[in-house]
Structure formats: structure tokens, C-alpha cells
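J.: no sequence on this one, just coordinates:
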């Protein structure tokens with residue numbers, strides 16, 4: 001299934017994986033601390049311990065570095081591994097549980113990246129484009145799981161993908177975990193039970 005996700009990249013599979021991860025990790029911290037607009041390539045290079053030309057060679061521009069954060073999010077949240085684990089599953093509750101786990105791991109491990117994108121999308125077209133790419137990948141992953149359930153002969157709500165994507169948004173997570181004080185375990189368990197109850201016909 002991982003091969004079916006265009007743009008989904010395992011950073012550790014790249015020959016220059018360590019350099020790329022170092023650059024993206026430096027950019028992640030600086031974008032969170034200073035903001036995207038106030039973080040020049042020169043500063044990212046300094047923080048990563050590489051030459052600015054190395055960043056341009058790998059990413060082309062600062063917008064390319066920003067786009068690379070979506071790859072970093074995928075990898076650090078363990079999404080390729082979750083998609084691989086879905087390959088042998090046919091039980092709908094287990095598959096929907098993978099969506100709940102993916103949502104939890106994205107928020108838990110990469111909440112700062114999500115915040116960078118959501119807070120800046122309204123004012124910067126580069127950030128808006130990167131957020132849209134993250135949303136596209138998220139929806140594609142949900143669609144693949146939903147189609148796997150249907151292919152196994154189970155009936156789902158016709159709008160199952162739309163509903164799942166809505167329930168997995170950052171706003172729902174933040175309301176429950178941030179504002180209401182739920183634990184990540186509580187959130188994942190609730191999301192799995194809700195997806196099963198709402199989507200399965």
C-alpha cells in the first residue's frame with residue numbers, strides 16, 4: 001500500500017537520508033521558533049551544519065524545505081509502517097483502529113509541524129501549499145483504508161472518507177486532548193470506537 005501513496009517517502013531509504021533529516025530537523029525547530037518568513041536558508045544551513053548550497057541542491061528553495069517537512073512528518077509519525085501493517089488486515093475495526101493510531105501519532109510526534117502549517121497557511125502561499133499537500137496525503141491514506149474495508153465485503157457509510165477525515169482533524173484532537181485533558185490513549189480509543197460506530201453500516 002505504501003507504493004500506492006504518491007509522494008510518501010521514507011527518509012531513511014534515501015542515500016542522503018542523514019543530511020536531509022538534519023536539514024529538516026533544523027528547519028522544523030527554526031520555523032517553530034522564528035516563523036517561516038523570518039528564517040533564511042543561511043540560518044537553516046548554520047543550524048544544520050551544512051553549506052547553503054547543500055540545501056539548495058537537495059530542496060531547491062526554502063519552500064522546498066518546507067515541503068520536506070511533510071515527508072518528515074510522515075516518517076516520524078510512522079505512517080509508512082502503519083500502511084504496511086494494513087496490508088494483511090481485513091477486519092474493519094482493526095483497519096479503522098489504524099486510522100485512529102495514525103491520527104494520534106501525527107499529533108503526538110509532529111504536533112509542532114501541524115501547528116506551523118495551520119498557523120501560517122492563511123498568510124503565506126508556500127505554507128498553504130504545503131498544508132494542502134499534507135491534507136491530500138492524509139485523505140489518500142484514509143481512502144485506501146476505507147476501500148480495503150469495502151473490498152473485504154463490509155458496508156460503510158457512503159461518505160465514510162469525508163467523515164473519517166473530519167473526525168481526524170487537529171481541531172477535534174486539540175479540543176479533547178488539549179482543552180479537555182484527555183490522555184493520548186483516551187483519544188485513540190475514542191476515535192477508533194467512534195469511527196467503527198459511525199462508519200460501519
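T.: Done, it's in. These figures come from a predicted structure and were not determined experimentally. Numbering: from 1, shown residues only.

J.: Show me the shaky parts of this protein.
T.: Applying pLDDT under 70 to the chain flags residues 1-15, 201.

J.: Would you map the helices across it?
T.: Secondary structure of the chain by DSSP state H: the helices cover 17-34, 41-48, 52-59, 62-76, 79-85, 92-120, 125-151, 160-167, 170-173, 184-199.

J.: In the fifth one, which residues are buried?
T.: To tie it back to what came earlier, the one meant is helix 79-85. 79, 80, 82, 83 (16 or more other Cβ atoms under 10 Å). Quick note: C-beta positions are derived from backbone N, CA and C, even for glycine.

J.: Does the second one touch residue 86 like I think?
T.: Pointing back at residue 80 there. No: checked against Cβ atoms under 8 Å, the pair residue 80 and residue 86 is beyond contact range at 10.9 Å.

J.: Pick the most deeply packed of the helices of the chain.
T.: Of all those, helix 62-76 carries the top mean neighbour count, a mean of 22, counting by mean count of other Cβ atoms under 10 Å.

J.: for the residue lying closest to residue 29 once chain neighbours are set aside, what are its contacts?
T.: For residue 29, ignoring the flanking residues on the chain, the nearest one in space by Cβ to Cβ, 6 or more residues apart in numbering is residue 47 at 7.2 Å. Residues near residue 47 by Cβ atoms under 8 Å, 6 or more residues apart in numbering: 26, 29, 30.

J.: likewise residue 131?
T.: With Cβ under 8 Å, 6+ apart, residue 131 has these contacts: 117, 118, 121.

J.: now, which of those sits nearest residue 107?
T.: The closest of those to residue 107 turns out to be residue 118 (Cβ to Cβ; 11.7 Å).

J.: how close does the closest one sit to residue 127?
T.: If you measure residue 118 against residue 127 using Cβ to Cβ, to the nearest Å, the figure is 9 Å.

J.: Could you do residue 161 as well?
T.: Counting by Cβ to Cβ, the gap from residue 161 to residue 127 is 25 Å.

J.: now the buried residues of helix 79-85 as CSV including distance to residue 145?
T.: Formatted as CSV, the buried residues of helix 79-85 follow (distance: Cβ to Cβ, whole Å):
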residue, distance to residue 145
79, 12
80, 14
82, 10
83, 8
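
J.: Out of those, which two sit at the greatest distance?
T.: Maximum pairwise distance among the buried residues of helix 79-85 (Cβ to Cβ): 7.4 Å, between 80 and 82.

J.: coming back round to it: so which of the buried residues of helix 79-85 comes closest to residue 143?
T.: Using Cβ to Cβ, residue 83 comes nearest to residue 143 of the buried residues of helix 79-85, at 11.9 Å.

J.: tell me the contacts of residue 44?
T.: By Cβ under 8 Å, 6+ apart, residue 44 lies in contact with 23, 26, 27, 30, 55, 62, 65.
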